[in-house]
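Asks: Predicted model and sequence follow; I will ask about them next.
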Protein chains: 2
Amino acid sequence: MVSKSASKEEYAGLKHPKSDFSKWFNEVIAKAELADLRYNAKGFLVHRPWSVTAMKAMYTLYEMELEKKGHLPVWFPAVIPEENFRKEGEHVKGFVPEVFWVTEHGAGERLTERLALRPTSETAMYRMYSLWIRSWRDLPLKLYQPCQVWRYETKSTRPFIRGREFHWIEAHDAFETRKEAENQVREDMEMTENVMQRQFGIPFIFFRRPVWDKFAGAEDTFAADTIMPDGKILQQPSTHLLGQNFSKPFRIKFKDKGGKEKTVWQTCYGPCIWRILASVIAQHGDDKGLIFPFSIAPVQVVITPIGNSDSVKRKCGEIHSRLCRSCIRALVDDSDKTPGWKFNQWEMKGVPLRLEVGPKEVQSGKYTLARRDTGKKQLVPESKLVDTCKTSGEEITWSLIKSADAFFKKNIREAKDISSLSYALKKGGLVKMDFCSIDRKGEPCADIIKDKLHADVRGIRADKKEKPKGKCAVCGKKAGCVVYVGKEY
Amino acid sequence: MVSKSASKEEYAGLKHPKSDFSKWFNEVIAKAELADLRYNAKGFLVHRPWSVTAMKAMYTLYEMELEKKGHLPVWFPAVIPEENFRKEGEHVKGFVPEVFWVTEHGAGERLTERLALRPTSETAMYRMYSLWIRSWRDLPLKLYQPCQVWRYETKSTRPFIRGREFHWIEAHDAFETRKEAENQVREDMEMTENVMQRQFGIPFIFFRRPVWDKFAGAEDTFAADTIMPDGKILQQPSTHLLGQNFSKPFRIKFKDKGGKEKTVWQTCYGPCIWRILASVIAQHGDDKGLIFPFSIAPVQVVITPIGNSDSVKRKCGEIHSRLCRSCIRALVDDSDKTPGWKFNQWEMKGVPLRLEVGPKEVQSGKYTLARRDTGKKQLVPESKLVDTCKTSGEEITWSLIKSADAFFKKNIREAKDISSLSYALKKGGLVKMDFCSIDRKGEPCADIIKDKLHADVRGIRADKKEKPKGKCAVCGKKAGCVVYVGKEY
């Protein structure tokens, strides 16, 4: 993965510090060769090897978790007949404006029926669920698919945050009872914690969304909000209690143990690997560039030869093979750049560990291992390289998790009224406050926040109960709940 | 992956023997739950967990081989602006009739430019190549993407063989010289051998295709032909020497070491995982159902408890954990079916190894391990289970490779004239014969074969030189080459 194209000039780092977040984000995506925005279809991204390799690792870890929880993989067609698409009224209203339609083939012949490029797969999958589910023995049915979806976004697109095509996973589960479906919603939140938080280092709070902000067709939507370095809120995985809103129009019925015909209860869950990568880039990076958690780094250890001697080259090769055999993604950078240039380049690309192999190291049998996050170096004897790389890798991940957590906690503030809310929102992050209601009757208050402060009511916490102490920060009536407010991407 | 829906009746095996191939193939796809053909968009397949898990393993092995040979992964958009699509004249002619066009969004608003759903990605990728490649230092550029492609097939579709959507890998490489591109074509054939033949057990011959059967836009096409159980020919991976046919219209230029501007030489290679699975199903299966090579089996070892005692259950769990820890895909079938029913079911689904765990086994500490391919059983002490499963797994793969090879060789026949060709074609497989030419001047003879015998000239062998001894089997003129003829799917 060594780009050989840069010329021999001095290494040019990033122009923008991370504090100038929006520019830094775009610059690091281009310079670290994560993606190219010059594709000539608006809103569509070309993903380069550096991001694809990371996302492949992220997919693998997420899919392992889903399978551990009893999900199996499926691949559904990318196109959905219009007829299916129109079965659930709310869903149609919510998604039709965003749909790309396939209407022609060949020299311009019209298809007999328009096909939607899937914006999400409920209406593709649930027609099949009604064929597959016959009896309680077929339940629960827990399936996931890793795939792309397409949405005609009219808001301005941003790489890995909002685009007309993105890469995600969608899990669609069906149960005998409402209770089981509710438990699944909790399990979905737990999986998010196990993977996004504990492995990718992205902290979040799951909110039960206000009724006016639910997934089109859901009874209830729970979504994980993260805080970006500029203080804006980015929605990450969401899980939806669909109830019987889809199973009724799609007639997904089963015979229970007593032989009685019933309708299934459903949930769906959508972790978007593409967007989680945005959080990984944003959360963990620094002024020098990216920092990848060890488990998802495209290259985990870069081996940089110092000097050009045969013994150094040979040793680099040996160490490379040894690391690879132990399932560490290692790379020897044998390009003709200076060691200093290489150090900078791989730091910018976020490789967690750098191993320096020079004549001195070869002679002593001890190698310098440098950490990307702290810059700390240690001398490691050859026999301990594999173990030390793995331990240091874990330490880096832990340390990234810790700093991300600290940033997240620091950016939750409180407000009592519109003016303290306005003040807190200027600092960014989430603002906690008493609020009248996340049902329809709270919508006018949310509209005021939206109009005056360009911020959204994200909902009430799903992970714990919080009781309001006083009055709604907007209308001053007795508060019915505690909500969090933030400015969304 | 235990389907709990079947009722308690006697196990019903396949109705059709493999000798009734077409029916057997469809039946095994349905009964082994590989795919469902009832999706309501014509020519689109729903892939169920059993096939997806196998294809995921197949993708991983193929991608490892590509990366070993210096390829890196990319993800390009699924849509290609019409403008790109029309840059290479032959390509347009070849592919436009098959393209699905995205033309509308939302409530029916027209897009400013039609977007092709990619039928293949040359015209998506090469525009970016012209931005990425500047100097000889950027070469070779070897990228691959695992993805779906869409083609408006008018021929009748068959699951895993021909469809309007299929899952493949495409690799697109660019070089400084024609020589290097030619070497890449050879490397592509070598990769096919390393993976499709040695790991998936599918034998083939790579043919240089006649000029009238080249990939649209290629200088030369080399394609691997396999023989299906009914004697028909199925084309598997093909690799194309594109020369400069695309790099010229797409202006993919580089400065060579001397600073001179040159145009790159290109190749592309397309192993279709989806279709290779068709060969795996067809080639290795038998009257009882599927047989998977060990490395790609969705479940490698099924553990079937005999009886219902706690000690049996506990032991099944212990063995399951032990196998999983050693990276063996194992499953305990604890459904309420009889052991006999389970044996039949997992044999039908092609699981390579079955481990029987009953009270007798628990007491003696020795377990019965049965092979799917031969039916042979052996008693294995608990301490040797992991090793024996792995060795037996490899033996099964080897034995599948051997039988497939034997079938392939047996089905290559020879012919001297149209009547012996006709006779040989009735037996199926490939027929070797002297032929005038695979250039344009041979086309009239190929047309005669097509019209009279409904068979195709597949080309001349790419792996070895064969000299014609006599006259063209069709026109009787002096033969210029040795070709192989067969009836295609």
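Replies: Sure, I can see it. In this text, all values refer to a predicted model and were calculated from it rather than measured experimentally.
Asks: Report how many residues lie close to A:Trp132.
Replies: Residues near A:Trp132, counting by other Cβ atoms under 10 Å in any protein chain shown, number 19. Quick note: C-beta positions are derived from backbone N, CA and C, even for glycine.
Asks: Which residue is the nearest non-sequential neighbour of A:Arg251?
Replies: Leaving out its chain neighbours, the residue that sits closest to A:Arg251 by Cβ to Cβ, 6 or more residues apart in numbering or on different chains is A:Ser130, at 5.1 Å.
Asks: ok, that neighbour - how many residues close by?
Replies: 17.
Asks: Compute the distance between it and A:Val264, please.
Replies: With the distance defined as Cβ to Cβ, to the nearest Å, A:Ser130 ends up 9 Å from A:Val264.
Asks: Quickly note the distance from A:Leu290 to A:Thr192.
Replies: 23 Å.
Asks: which parts of the helix or strand bottoming out on mean pLDDT in chain A are buried?
Replies: Least confident helix or strand of chain A, by mean pLDDT, DSSP states H and E, is helix A:89-95 with a mean of 84. Neighbour-count burial for helix A:89-95 flags A:91-92, A:94-95 (criterion: 16 or more other Cβ atoms under 10 Å in any protein chain shown).
Asks: now swap in stretch A:41-58 and tell me
Replies: Per 16+ other Cβ under 10 Å, stretch A:41-58 contains these buried residues: A:41, A:43-58.
Asks: Not counting residues beside it along the chain, what's closest to A:Lys42?
Replies: A:Lys42's closest residue in space is A:Arg164 (Cβ to Cβ, 6+ apart), at 7.2 Å.
Asks: is it true that that neighbour touches A:Glu153?
Replies: Yes: contact status for A:Arg164 versus A:Glu153: in contact at 5.4 Å, counting by Cβ atoms under 8 Å.
Asks: Show me whatever sits in contact with both of these two.
Replies: Overlap of the contact sets of A:Arg164 and A:Glu153 (by Cβ atoms under 8 Å, 6 or more residues apart in numbering or on different chains) consists of A:Gly43.
Asks: Which one of the two is surrounded by more residues?
Replies: Taking other Cβ under 10 Å, A:Arg164 and A:Glu153 do not tie; A:Arg164 has more neighbours (23 against 16).
Asks: And the pLDDT for the more buried one?
Replies: Confidence at A:Arg164, expressed as pLDDT, is 97.
Asks: Which other helices and strands does the helix or strand harbouring the residue nearest to A:Arg251 contact?
Replies: A:Ser130 is part of helix A:122-132 when elements are defined by DSSP states H and E. Here helix A:122-132 touches helix A:82-85, strand A:141-150, strand A:165-175, strand B:35-36, going by 3 or more Cβ pairs under 8 Å, 6 or more residues apart in numbering or on different chains; DSSP states H and E.
Asks: residue contacts, the residue positioned nearest the centre of chain A?
Replies: Central residue of chain A (Cα atoms, centre = their mean): A:Ile276, 1.7 Å from the mean position. A:Ile276 sits next to A:58, A:196, A:200, A:202, A:236-237 when contact means Cβ under 8 Å, 6+ apart.
Asks: If we use 6 Å, what do you get?
Replies: A:Met196 (Cβ atoms under 6 Å, 6 or more residues apart in numbering or on different chains).
Asks: do the one 10 residues further on as well
Replies: With Cβ under 6 Å, 6+ apart as the criterion, the residues that contact A:Asp286 are A:Lys18.
Asks: ditto for A:Arg110
Replies: So A:Arg110 contacts A:Glu104 (Cβ under 6 Å, 6+ apart).
Asks: Any buried residues in stretch A:250-264, and which?
Replies: For stretch A:250-264, by 16+ other Cβ under 10 Å, it's A:250, A:252, A:254, A:262-264.
Asks: now for these, which pair is the farthest apart?
Replies: A:Phe250 and A:Lys262 (14.3 Å; Cβ to Cβ).
Asks: A:Gly43: which element?
Replies: Per DSSP H and E, there is no helix or strand for A:Gly43.
Asks: how close does it sit to A:Met189?
Replies: 30 Å.
Asks: For the stretch 101-250 of chain A, what lies in contact range of chain B?
Replies: Within the stretch 101-250 of chain A, the positions adjacent to chain B are A:101-106, A:128, A:137-138, A:152, A:165 by Cβ under 6 Å from any Cβ of the partner chain.
Asks: which of those residues lies closest to B:Gly243?
Replies: Of those, the one sitting nearest to B:Gly243 (Cβ to Cβ) turns out to be A:Gly106, at 27.4 Å.
Asks: mind listing the strands for the stretch 201-350 of chain A?
Replies: A:205-208, A:220-227, A:233-243, A:253-255, A:261-263, A:265-270, A:301-305, A:330-332 (DSSP state E, counting those that start in this stretch).
Asks: Could you export those to a markdown table, including columns for mean pLDDT?
Replies: Output for the strands of the stretch 201-350 of chain A, formatted as a markdown table (pLDDT from 0 to 100):
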| stretch | mean pLDDT |
| --- | --- |
| strand A:205-208 | 98 |
| strand A:220-227 | 98 |
| strand A:233-243 | 98 |
| strand A:253-255 | 98 |
| strand A:261-263 | 98 |
| strand A:265-270 | 98 |
| strand A:301-305 | 97 |
| strand A:330-332 | 97 |
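Asks: Ok, which of these comes nearest B:Ile449?
Replies: Using Cβ to Cβ, the strands of the stretch 201-350 of chain A put strand A:330-332 closest to B:Ile449, at 51.8 Å.
Asks: Look at the closest residue to A:Lys416 other than its chain neighbours and say how many residues are nearby.
Replies: Closest residue in space to A:Lys416, ignoring its immediate chain neighbours: A:Ala473 at 5.9 Å, by Cβ to Cβ, 6+ apart. The tally of other residues near A:Ala473 (other Cβ under 10 Å) stands at 26.
Asks: coming back round to it: tell me the pLDDT of the residue nearest to the centre of chain A.
Replies: So, for A:Ile276, pLDDT stands at 98.
Asks: Same question for A:Val264.
Replies: For A:Val264, pLDDT reads 98.
Asks: quick one: contacts for it?
Replies: Applying Cβ under 6 Å, 6+ apart, the residues contacting A:Val264 are A:174, A:247, A:252.
Asks: and those residues as TSV, adding distance to A:Glu382 and pLDDT?
Replies: Formatted as TSV, those follow (distance: Cβ to Cβ, whole Å; pLDDT from 0 to 100):
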residue	distance to A:Glu382	pLDDT
A:Ala174	54	98
A:Ser247	60	97
A:Ile252	60	98
